[in-house]
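> all I have is the shape, not the residue letters:
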């Protein structure tokens, strides 16, 4: 029918362009600072074992000429503990420890040798360390070993991470 246009309905939803979705996904994936791409991720909570892991990760980053991504995973507790609801809903517990750790790290002389950033996450430690490693295309993840009864009962973070990570995991005793 020449010369006749069919009007579009006003309530028609616009279908997203698949290429724009792909570009948006790539931009969000590559939104990390390029100086830290292919860096070394280290889990840090201020404990003695995490301090040893940090020292090793600093040397590793310095030798490879890459950046250091220090990750602190904040506490998250299920609300089912209090509310008794069926679906597990997690709430972030205020954790000022990241701010304190950030100030301590900013004043540390031993971090002057490498570029570093502190990333705070909430959730499962293993999942978050692997996720940060994926986001930054990290060459390795460094963690300290767990000593004590909690690690023996629930399994250590290092052991769980070594079993499921998609990149090398270095466990420092």
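On my side now, so go ahead. Keep in mind that what you see is a predicted model, and the values were worked out from it rather than measured. Residues are numbered from 1 along each chain as shown.
> so where's the chain uncertain?
Applying pLDDT under 70 to the chain picks out residues 1-32, 75-96, 147-155.
> determine the longest helix present in it.
Counting by DSSP state H, the longest helix found in the chain is helix 48-64.
> and the helix or strand just after that one, what does it pack against?
As assigned by DSSP states H and E, the chain's next helix or strand after helix 48-64 is strand 68-74. Under the contact criterion of 3 or more C-beta pairs under 8 Å, 6 or more residues apart in numbering; DSSP states H and E, strand 68-74 touches strand 40-43, helix 48-64, helix 97-106, strand 116-122, helix 125-135. Glycine gets a C-beta too; all of them are placed from N, C-alpha and C.
> quickly list what residue 116 is bridged to.
Here residue 116 sits in beta bridges with residue 68, going by DSSP bridges.
> and for it, the neighbour number?
Around residue 116 there are 22 other residues, counting by other C-beta atoms under 10 Å.
> separation between it and residue 42?
Using C-beta to C-beta, to the nearest Å, residue 116 is found at 9 Å from residue 42.
> joint contacts of these two?
Shared contacts of residue 116 and residue 42 (C-beta atoms under 8 Å, 6 or more residues apart in numbering): 68-70.
> most surrounded residue in those?
residue 69 (27 neighbours).
> thought that residue was touching residue 43?
No: contact criterion C-beta atoms under 8 Å: residue 69 and residue 43 do not qualify, at 10.1 Å.
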